Structure formats: structure tokens, C-alpha cells
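**Q** Please find the sequence and the predicted model below.
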Number of protein chains: 4
Amino acid sequence: MSDLEELRDRMRAFTVARDWEKFHDPKSLLLALMGEVGELSELFQWLPADLARDVTQTEPLKTRVGEELSDVLLYLVRLADVLDIDLADAAQRKMDSSESRFSTSDFQGNAPEKN
Amino acid sequence: MSDLEELRDRMRAFTVARDWEKFHDPKSLLLALMGEVGELSELFQWLPADLARDVTQTEPLKTRVGEELSDVLLYLVRLADVLDIDLADAAQRKMDSSESRFSTSDFQGNAPEKN
Amino acid sequence: MSDLEELRDRMRAFTVARDWEKFHDPKSLLLALMGEVGELSELFQWLPADLARDVTQTEPLKTRVGEELSDVLLYLVRLADVLDIDLADAAQRKMDSSESRFSTSDFQGNAPEKN
Amino acid sequence: MSDLEELRDRMRAFTVARDWEKFHDPKSLLLALMGEVGELSELFQWLPADLARDVTQTEPLKTRVGEELSDVLLYLVRLADVLDIDLADAAQRKMDSSESRFSTSDFQGNAPEKN
């Protein structure tokens, strides 16, 4: 079993064991996802842009960042599960589509207009 | 190779082939992630909360939702990669920690205070 | 002086007095705004959609919500100021434009497709 | 009447005229707010941090940014109204509180830990 499927199953079991399915409608999960994106943003907001990566290589910050990235991933996985969407498959198809849309010759070095 | 690692490698190759590494500092990736969370939110904002799940089982909406979930995942995977964080591992550890923090006897059926 | 201008001036003075202008580039302010939108979302995420309004009329929650709404507003005001954009004026013009785009006869009772 | 009150009244009338009150529960408005924060983020995501301000002084980008800032403000104003919260007053009180919490002598030049 792949890691996204494992995480999906762990989140499902975690939710059911606490009788929390009723809280997990899509709009509520989206707000919870936003809460975690907000916590992740707060770790970076005042870091100088060019040093942000290096600064977050030190502990305890690196572990903190890993926890917040995980929180975002776990709500995303849970949301996909509730919506009956195969997240890994959808993401692979999105990569296929992005690879053909943004031909390397056209876009070399220049940021795309919003896709 | 697991799916998160495959997606990480595809995003890495996609970025390098277009010479886009210079755009991928953590703060910029976080803003791009927010852009996609916003697009995902827009698909749900006016749906009645109790019908949101069912309404999004129909096409073309279900495919649209899958694409936006993918966009969020792909930027999250890219951000973790740029920060040298093993996302699958961090998420598994976060599940370990959540499972012990929120004992089923204490939390059965009641939403937690923000963790 | 209008309230948006007063808040703009207070945020400006607050920032300068602490020598924090260097942190207030637009991308950093956007991440700070996201942090506050996340905190606001967390207050609502598990509330039932149809009771969310009433539940947040009680204290201490109502004051908490007011604080988080304020945090979002203050970063938005600060961001507009740094970008030299008259926020009140831009918003009035946006209302003018929305009022003509969404004619009441066409949209009565039906949510718009994303504008 | 102050500008925040005017915008509140315009959003209220706009909503009622189209029979859209039923869509404006707090959680839905929060998702709409996230949608607009996402659109704002997309305008900045690939701009170099140190040039973001100057780049957005040119047209048509400056007007675009003003429109997105407005969209965020208008949903924030609408959300405060639905929650019966005086946004201007709450924000002034928040400034009072921030001014005493972050004494200039302690914080001069150093970014605060998340407040």
C-alpha cells in the first residue's frame, strides 16, 4: 500500500474511533485545512525570503515545519477520502497535463501566467 | 517508490526542466499553495454544507475538485522537497502523536479544542 | 478622517515605532494575513453550519471572533498602505462594478458562478 | 457614516436585492474570503520579494491588486455584519491592545514571536 493510502486509512480509523465523522463534511474540512495553512504561514512570514530555506533547516524549527506540513497533508488526505477522490491518481494526471501544457521551450526560465 | 516520492520527483524534474527553481523559495511556494486552496474553496463556498459531498460526486465537478486537490498536494510536496523534509515520514509521526494525545475515551463524539 | 484611514495611520505608526517596516514587504504581509485567516477559520471549523452564527453570539467567543476579524483587517489595511492603494475607494468601485455585473433579474436567489 | 459602515450597508443591500442571504452563513463566507485571499496571493506568488511592491505600482497590475484587496475586504465586512460585530470598533481595540503588548523598547527592530 502506498503512503497516501496508508495515511488515508489512518485518518479514517482515527476519525471513526473518536466518532468524529459528523464533523468531517467537506466545507468544515476545508476550514480546518486553512487553519493549518495559516499555522504553516506563520512560521515563515517574517523570515527574509532568501534565507527562509536555510533558517528552517535548524532545530527545533525544522521539526515544527514538518508538523505543520503534515497537518495540511492529513486534512487534504481526509478531504479527498470524504469526497471519494483518489488523490495519488488525480495528482499524477495533473502532472501529465501540466507537463504537456507548459512546454519547456516556451516557458524556460519565465514564470507562467497563472495556469 | 511510494506515491509521495514519485510526485516529489516529478515536481522536481518539472521545475528543473523549465528553469523554475529560482521561483521556488518557501514563501513563494506558500503563496502558490494559498492560491490553490483558494481555488478549491471557491468550488465549495456556496454549496449547502449537508449536500456538499453528494453534489461533488457528479461530473464535471468531481474531476474539477480532483484537479484542485492535486494542485494543493503538488505545491505541498514541492515545498516539503525544497525544505528537505520527508513528508510521508513527518505525517506518519504526526498520526502517532495525534493518536496518543486524543484518547478515544476523552474525546468520543466531541470535537477537540484546537490541537 | 474615515475609519479605514485611521486604522491605516495607526498601523503605520505602530510599525515605524518598532522599526518593523523592513518586515512589511507585500509577500510577507500576505503570509501574515493568511495566518490570521487561519486563526479565524479555526474558530468556526467544527461548528455546525446552521448554528455557527448563533453560537458565536455568546461570550467569550464573540470577542475572540472580533479579535481575529480585526487581525485580518489590520494586515489588509497595512498591505494596501504599503502598496499605495486607497482601500476604501477601491472597495466602493468594486461594489459599483458588482452591482452592474450581477443584475438582480438574472441572479435572484441563485448563487453566481465564480465572478 | 464611516467607510466601513457604508461598505457594510452596500454589501447588505447587494445581498438582499439578489436574495442571497441564505448563502451567507459564516462558514460559507469564510470559504469565499479564502477564495479571494487565494486570488490575491496568485498576483504576488512569483514576484521577487524585494521588487513586489514596485512591480505592483504599474498598470494594469495595480488596479487588479486593488480589486482583489477589495474582494477580501468586502467579504470580511459582510462576515462581520452577519456576526453582528462592529469591525471598526474591534480593530481600534485590537490596536490599543497591540500597542501596549509590544512595547517599543522590547521589540525595536526584531520581529515578534507570533502574537
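**A** Sure thing, it's come through.

**Q** what about the residue nearest to A:Asp50 when sequence neighbours are not counted, how many residues close to it?
**A** The shortest distance from A:Asp50 to any non-neighbouring residue, by C-beta to C-beta, 6 or more residues apart in numbering or on different chains, is to B:Asp25 (6.9 Å). All C-beta atoms are positioned from the backbone trio N, CA, C, and that covers glycine. By the measure other C-beta atoms under 10 Å in any protein chain shown, the count of residues near B:Asp25 is 22.

**Q** for B:Asp25, what are its contacts?
**A** A:49-50, A:52-53, B:82, D:49 (C-beta atoms under 8 Å, 6 or more residues apart in numbering or on different chains).

**Q** Name the member of those residues with the most neighbours.
**A** A:Ala52 (22 neighbours).

**Q** I'd say that one and A:Phe44 touch.
**A** Yes: between A:Ala52 and A:Phe44 a contact is recorded at 5.7 Å, counting by C-beta atoms under 8 Å.

**Q** which residues do these two both contact?
**A** Counting by C-beta under 8 Å, 6+ apart, the shared contacts of A:Ala52 and A:Phe44 are B:26-27.

**Q** moving C-terminal of the longest helix belonging to chain A, what's the next helix or strand?
**A** Criterion DSSP state H: the longest helix present in chain A is helix A:61-82. Where DSSP states H and E defines the elements, the next helix or strand beyond helix A:61-82 is helix A:87-101.

**Q** Just checking the distance from that next one to the centre of its chain.
**A** Averaging C-alpha positions (C-alpha atoms, centre = their mean, to the nearest Å) puts helix A:87-101 15 Å from its chain's average.

**Q** can you list contacts of the next helix or strand after it?
**A** Going down the chain from helix A:87-101, the next helix or strand is helix A:104-107, by DSSP H and E. With contact meaning C-beta under 8 Å, 6+ apart, helix A:104-107 is reached by B:17-18, B:20.

**Q** Could you give me the buried positions within helix A:104-107?
**A** Using 16 or more other C-beta atoms under 10 Å in any protein chain shown as the test for burial, helix A:104-107 gives A:Phe107.

**Q** and the closest residue to A:Asp19 other than its chain neighbours, how far is that from D:Met11?
**A** Ranked by C-beta to C-beta, 6+ apart and with sequence neighbours excluded, the top spatial neighbour of A:Asp19 is B:Gly109, at 4.1 Å. B:Gly109 sits 37 Å away from D:Met11, taking C-beta to C-beta, to the nearest Å as the criterion.

**Q** Neighbour count: the two, which is higher?
**A** Ranked by neighbour count (other C-beta under 10 Å), B:Gly109 and D:Met11 place D:Met11 first, with 24 against 11.

**Q** Point out where chain A drops to low pLDDT.
**A** When residues are selected by pLDDT under 70, those of chain A lie in A:113-115.

**Q** Spell out for me which residue occupies the centre of it.
**A** The centroid of chain A falls nearest to A:Leu73 when counting by C-alpha atoms, centre = their mean (4.0 Å).

**Q** is it true that the residue nearest to A:Asp19 touches A:Glu21?
**A** No: B:Gly109 lies out of contact with A:Glu21 (C-beta under 8 Å); the separation is 10.0 Å.

**Q** which residues does the nearest residue to A:Val65 once chain neighbours are set aside contact?
**A** Spatial nearest neighbour of A:Val65, chain neighbours left out: A:Thr56 (5.3 Å); criterion: C-beta to C-beta, 6+ apart. Contact analysis of A:Thr56 by C-beta under 8 Å, 6+ apart lists A:43-44, A:47, A:62, A:65, B:26, B:83.

**Q** next one: A:Met1
**A** By C-beta under 8 Å, 6+ apart, the neighbours of A:Met1 are A:Asp9.

**Q** how close does it sit to B:Asn110?
**A** According to C-beta to C-beta, A:Met1 and B:Asn110 sit 31 Å apart.

**Q** and A:Glu6, how many neighbours does it have?
**A** Counted by other C-beta under 10 Å, the residues lying close to A:Glu6 total 16.

**Q** Apart from its neighbours in sequence, what residue is nearest it?
**A** Closest residue to A:Glu6 apart from its sequence neighbours, by C-beta to C-beta, 6+ apart: B:Gln92 at 7.5 Å.

**Q** tally of neighbours for that neighbour?
**A** For B:Gln92, the count of nearby residues is 16 (other C-beta under 10 Å).

**Q** these two touch, right, it and A:Met11?
**A** No: assessed by C-beta under 8 Å, B:Gln92 is found out of contact with A:Met11, at 11.3 Å.

**Q** How is the residue in chain A that chain C sits nearest to assigned, secondary-structure-wise?
**A** Closest approach between chain A and chain C, counting by C-beta to the nearest C-beta: A:Gly38, at 1.4 Å. Classification of A:Gly38 using DSSP: H, G, I helix; E, B strand; the rest coil returns helix.

**Q** Spit out the contact partners of it.
**A** With contacts defined as C-beta under 8 Å, 6+ apart, A:Gly38 is in contact with C:34-39, C:41-42.

**Q** Equivalent analysis for A:Val55, please.
**A** Counting by C-beta under 8 Å, 6+ apart, A:Val55 touches A:47, A:61.

**Q** I'd like to know how far it sits from B:Asn110.
**A** A:Val55 sits 38 Å away from B:Asn110, going by C-beta to C-beta.

**Q** Write out the residues of chain A neighbouring chain C.
**A** Residues of chain A lying close to chain C (C-beta under 8 Å from any C-beta of the partner chain) are A:23, A:25, A:27-28, A:31-32, A:34-39, A:41-42, A:44-46, A:49.

**Q** Count the residues that sit near the closest residue to A:Asp71 other than its chain neighbours.
**A** Counting by C-beta to C-beta, 6+ apart, A:Glu36 is the residue found nearest to A:Asp71 once chain neighbours are left out, at 3.9 Å. Applying other C-beta under 10 Å, we find 23 other residues in the vicinity of A:Glu36.

**Q** hmm, back to that, what's near enough to touch the residue nearest to A:Glu6?
**A** Contact partners of B:Gln92, counting by C-beta under 8 Å, 6+ apart, are A:3, A:6-7, A:10.

**Q** so can I have JSON lines of the residues you listed showing secondary structure?
**A** Output for the contacts of B:Gln92, formatted as JSON lines (three-state DSSP):
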{"residue": "A:Asp3", "secondary structure": "helix"}
{"residue": "A:Glu6", "secondary structure": "helix"}
{"residue": "A:Leu7", "secondary structure": "helix"}
{"residue": "A:Arg10", "secondary structure": "helix"}
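
**Q** Can you pull out the residues in contact with stretch A:13-21?
**A** By C-beta under 8 Å, 6+ apart, the residues outside stretch A:13-21 that reach it are A:24, A:78, B:95, B:98-99, B:102, B:104, B:107-109, B:111.

**Q** that older thread, with respect to chain D, which of the contacts of helix A:104-107 is nearest?
**A** Checking the contacts of helix A:104-107 against chain D with C-beta to the nearest C-beta, the nearest one is B:Trp20 at 8.8 Å.

**Q** Show me what secondary structure element comes after whatever helix or strand A:Ala32 lives in.
**A** Element membership for A:Ala32 (DSSP H and E) is helix A:26-44. Remark: after helix A:26-44, the chain's next helix or strand is helix A:52-55, criterion DSSP H and E.
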